[in-house]
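Trainee: predicted coordinates and the sequence they were generated for:
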Amino acid sequence: MKDEWSSSTPEFNALDYSIWSILEAKACAKAHKTVKSLRCALINAWEEIPLETLKKVIDDFPKRLNACIQAQGGYFE
């Protein structure tokens with residue numbers, strides 16, 4: 001039986017469930033004409049994320065794992 005959970009599952013990837021929305025809001029607030037422009041905007045947005053925010057995402061990770069266990073692998077927020 002194939003394991004359905006992986007590190008690429010959004011629920012278990014902090015970049016997908018938390019950080020990407022912050023980056024997207026900051027870096028994609030305006031359209032970019034080039035990939036280089038978008039890349040620079042993403043790097044700047046990443047550097048603007050407070051360390052406290054990153055720590056909170058990491059600290060909340062065990063709660064997400066427990067929520068998944070409680071949902072028996074089903075949907076949870």
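Mentor: It's in.

Trainee: tell me the contacts of the spatially closest residue to L54 that is not a sequence neighbour?
Mentor: Distances taken as CB to CB, 6 or more residues apart in numbering place I19 nearest to L54, at 7.6 Å, with adjacent residues excluded. Using the backbone N, CA and C atoms, a C-beta is placed for each residue, glycine as well. The contact partners of I19, by CB atoms under 8 Å, 6 or more residues apart in numbering, come to I49, L54, V57.

Trainee: you'd agree A41 is up against A31?
Mentor: No: look at A41 against A31 with CB atoms under 8 Å: they stay out of range, at 10.5 Å.

Trainee: from the contacts of I19, which has minimum pLDDT?
Mentor: Of all the contacts of I19, V57 carries the smallest pLDDT score, 86.

Trainee: so that one makes contact with I22?
Mentor: No: counting by CB under 8 Å, V57 stays clear of I22, with 9.4 Å between them.

Trainee: pLDDT weak spots in this structure?
Mentor: Filtered on pLDDT under 70, the chain yields the residue ranges 1-17, 75-77.

Trainee: helices of that one, start to end?
Mentor: With DSSP state H, the ranges of helices along the chain come out as 14, 20-27, 35-48, 51-70.

Trainee: do you know how far the residue nearest to L54 is from T34?
Mentor: 23 Å (CB to CB, to the nearest Å).
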